[in-house]
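Visitor: quick check, what structure comes out for this input:
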Amino acid sequence: MNIKFPEANDQLEVIADATGISTNKGGQYIIAKWGKTKDSKFLKIEIVIDKDQFNVINAEVTSNEVETAVKTVKDLQDKGKKVKKFYGDKAYDANEVYKTGVEVVVPPRKNASTRRGHPARRKAVREFKRLGYNRWREEKGYGVRWRIESLFSAVKRTFGESVRATSFLGQVVEAKLKFWAYAWMVHLANSLVGRAPGIRV
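Guide: Numbering: from 1, shown residues only. Here you go, the predicted structure:
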């Protein structure tokens, strides 16, 4: 099934993160009430969004968020889009992300080396250690990552935090469709009210 998201802007900054979608019909309510059991299962779905437009660019069920995010960035670049910055958590501190040529705003892992790996990553690690987390966070604008957490919350409130399908393929499609539907809702709303200064869904 080909699930097409709204066309990305020609120039953009992206935020990537992953969240869990429950394959139990009861979702988080059951886990909160009875505790996590061996039957508690989740799909990990990675989302890449446009930082400024709040649009979902891609959503993929994955076990390797770095590989999936890099593919999304490369697909954008292949379409002639200029990805200026990439924001992510420590899970994205990987050479593959830096190899895309995008400015990477990702805090390095504690054991990150300044002697090995991609030159841009080594430079980023040195800068992080020199500035310290708080100053680095402020100077790099890392706080914008809250926007993708807000999107996760909005999608789950709107379409639920679990899937009803029983087959794995059906669960994957249903999980992606939650973000697809929300992406088009935001896209259409922005196209209608975006001309008004200060109004952005």
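
Visitor: where do the helices sit along this protein?
Guide: All helices of the chain, identified by DSSP state H, fall at 27-34, 65-78, 95-98, 119-131, 133-140, 146-159, 168-193.

Visitor: got JSON lines for these, with mean pLDDT and distance to residue 110 too?
Guide: (Glycine included, C-beta is placed from N, CA and C.) Output for those, formatted as JSON lines (pLDDT from 0 to 100; distance: least, Cβ to Cβ, whole Å):
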{"stretch": "helix 27-34", "mean pLDDT": "45", "distance to residue 110": "30"}
{"stretch": "helix 65-78", "mean pLDDT": "97", "distance to residue 110": "18"}
{"stretch": "helix 95-98", "mean pLDDT": "96", "distance to residue 110": "17"}
{"stretch": "helix 119-131", "mean pLDDT": "94", "distance to residue 110": "11"}
{"stretch": "helix 133-140", "mean pLDDT": "96", "distance to residue 110": "11"}
{"stretch": "helix 146-159", "mean pLDDT": "96", "distance to residue 110": "23"}
{"stretch": "helix 168-193", "mean pLDDT": "91", "distance to residue 110": "31"}
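
Visitor: give me the buried positions along stretch 169-184.
Guide: Residues 171-176, 178-180, 182-183 are the ones in stretch 169-184 that count as buried (16 or more other Cβ atoms under 10 Å).

Visitor: biggest strand in this protein, by residue count?
Guide: Determined from DSSP state E, the single longest strand within the chain is strand 11-22.

Visitor: any idea how far it is from the chain center?
Guide: Here strand 11-22 is found 1 Å from its chain centre; the criterion is Cα atoms, centre = their mean, to the nearest Å.
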